Each structure stands twice: as structure tokens, then as C-alpha cells.
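Asker: Got a predicted model here, sequence first, then my questions.
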There are 2 protein chains.
Amino acid sequence: MQGLTIQEAAQTTGWSPRMLRYIERAGLLELSRSESGYRLYGPEQLQRLRTLRELLARLNFGLSELGFALRLRREPLLRAEVDAWFDAEPERPEHVDPDDWLRWEQDKHEALIAASHTTHMEIA
Amino acid sequence: MQGLTIQEAAQTTGWSPRMLRYIERAGLLELSRSESGYRLYGPEQLQRLRTLRELLARLNFGLSELGFALRLRREPLLRAEVDAWFDAEPERPEHVDPDDWLRWEQDKHEALIAASHTTHMEIA
DNA sequence: CAGACCTTACCAAAGAATTGTCAAGGTTTA
DNA sequence: TAAACCTTGACAATTCTTTGGTAAGGTCTG
């Protein structure tokens, strides 16, 4: 039987079994199955799961967001429409006070979603 | 004073004033401001707001997801890491039962997140 | 100056995503 | 066969996002 069972995989990756199923369900990891339907985690899957943990923690986003990134790669139409929306007619806003981009100390949670946009735009 | 005020913009776009501020805060729309700090919505902004409504409804995703798409374009590092994760060593899973991809009638909410991956993969 | 706007900040209701847990039933292994 | 796994499905606690208010104070217009 090639690969670890879900419980073993959980131990070595730090995810709970519940989450491992969730991640699979979200389309973020493909698994092989044993004859009888058991999930089988190989070295590559384990590696990806560990990397995943790191990514989410380090870059500050969640599974649903990664799920959307996946949609963007799998659905060219979606990708196109989203790109189109972003690229539409920027029409220079005249009055963009640089203050607006430093005024980053505000509402408890609205700050969070906003913060994500600057997270990796260091002082530079 | 070039542009509609937030209340007027709300009326013609279908968003609430609260949401218009939220959208701006999320980095999804840049606005000019009047001398005294009032948000000014020009025709382009109004158009983008209407399009946005459509997009979200039609393609079935939310502001946070679009926010993440924005991060992906603005933060090349993030983009690179996410791409790298997706592209890592696919290691063919031997046993991918096509049933797994039709067994789409399940858990009340887990079905939803999963469904997003097939939404636009018609019968074809 | 009064009324009707606007601003930001905060609190909280409603919804959705995340995560645990348990039940009913099949598999593996000692 | 019994213990210790696995499967899927469901319910539910927790947490995060989305959305609406409301308060305190500034602006615009009559």
C-alpha cells in the first residue's frame, strides 16, 4: 500500500485529519486511493501539505483564497473577466493623498483586509 | 465639483454607501476626493462599480477573493510562491476515480466551495 | 444658522469559512 | 472476531467577513 493513511499524514504535516479532507474537497490536493477507498498520502503530497501550511501563515491568506487562485488558473474565462475588470480605464484620480496610504491604523478588522495589500510592499 | 457624492453613487450603482467605503478600503477602487475630503465618483468609477456587481453575481465569488486576485497582481513575490505551490511536482495520482468528479451532491456547505471549481466547466 | 450632506471610528447582527466531533458502516490486522 | 483504523454525512462551536447602524464632528447650501 503506497503512502501514509490520513492519520499518519496528519501527524507529519501538522494538519488535522478533518482539514486534510477539507483541503482535498477544496480541490487543492489530489490524492490516490487504495482499493478500498482509503486516502493515500505520498511524499509529494506530504511535502505540499507542509509547504501549504507555511505559505498560508507566512503570506497571510487562507484556503478559500487559494481556492480562488486555483479557479483563476483553471477557468480562463474567469481569469479573463477578472483581469479585464482590473485593467479597465484607470482614469487618473487626481487627488490621491499619500496620507491615504499611511492612514493604516483603523477599524479593528477592516484594517486587516486592507493590510493585506501592503503586507509585502516594504518601506521601499 | 467633479463627480457624484457617495450617496448618489450608491443610488446609481446599487451598492450601499457603507459598501462603497468598504470596497475602497479593500483597495478595489481608487477615488478622487474633494478639497474637504468627500469621495468623488466619476463615470468610470460608477461603471466599474456596476460591472463589479455583475461579476461577483455572475461568476460567484466575493470581494475578498477579488482582493486576493489584486494581491496576486500587486505582489509578484506572492504570485510566484502561489504559482510555485500549484506547479510543484504533480506526481500522478494513479487512482483518480472519475466518480470523484461527479459525486458533486453532498455536504451543505462543503459542496459550495468545491462547486466553485466546476462552475464553468460545462458538460464539455 | 439649520438641515442635509460628508468624514472616520466603533459596535454588533448576519453570513460564510474553518474546524471539531460524532454516528453508521466498511477495512485491516493481530 | 475485536481493536483500531478508514469512509462519508451531519451537526455545531468558533472565527472571520460582510454589512448595517450610530455617534462625534466637519462641510455645503439655502
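Answerer: Good, I have the coordinates.
Asker: Quick one: neighbours of the nearest residue to A:R53 once chain neighbours are set aside, just the number.
Answerer: The shortest distance from A:R53 to any non-neighbouring residue, by Cβ to Cβ, 6 or more residues apart in numbering or on different chains, is to A:G14 (5.8 Å). (Glycine included, C-beta is placed from N, CA and C.) When counting by other Cβ atoms under 10 Å in any protein chain shown, one arrives at 12 neighbours for A:G14.
Asker: and if you look at A:D87?
Answerer: Using other Cβ under 10 Å, A:D87 has 9 neighbouring residues.
Asker: do A:L20 as well
Answerer: That count, for A:L20 with other Cβ under 10 Å as the rule, works out to 21.
Asker: ok so, going back, how much space separates the residue nearest to A:R53 from A:R25?
Answerer: 19 Å (Cβ to Cβ, to the nearest Å).
Asker: A:R74 now?
Answerer: For A:R74 relative to A:R25 (Cβ to Cβ), the value is 16 Å.
Asker: again with A:E81
Answerer: 25 Å.
Asker: re earlier: let me know whether the residue nearest to A:R53 touches A:L52 as I believe.
Answerer: No. Assessed by Cβ atoms under 8 Å, A:G14 is found out of contact with A:L52, at 10.0 Å.
Asker: which helices and strands does the longest helix anywhere in chain A pack with?
Answerer: The helix that spans the most residues within chain A, counting by DSSP state H, is helix A:43-59. Applying 3 or more Cβ pairs under 8 Å, 6 or more residues apart in numbering or on different chains; DSSP states H and E, we find helix A:43-59 packed against helix A:6-13, helix A:17-25, helix A:63-74, helix B:76-87.
Asker: Tell me which of those approaches DNA strand D most closely.
Answerer: helix A:6-13 (3.0 Å; Cβ to the nearest atom of the strand).
Asker: where does chain A have low pLDDT?
Answerer: Across chain A, the ranges flagged by pLDDT under 70 are A:1, A:89-124.
Asker: Just give me the residue closest to the centre of it.
Answerer: A:L66 (2.7 Å; Cα atoms, centre = their mean).
Asker: Please give me every residue in contact with that one.
Answerer: Residues in contact with A:L66, defined by Cβ atoms under 8 Å, 6 or more residues apart in numbering or on different chains, are A:26, A:28, A:52, A:55-56, B:82, B:85.
Asker: Of those residues, select the buried ones using a ChimeraX command.
Answerer: To isolate the buried ones among those in ChimeraX, judged by 16 or more other Cβ atoms under 10 Å in any protein chain shown, type:
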select /A:26,28,52,55 /B:82,85
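Asker: which of the contacts of A:L66 lies closest to DNA strand D?
Answerer: Nearest to DNA strand D out of these is A:L56 (Cβ to the nearest atom of the strand; 11.7 Å).
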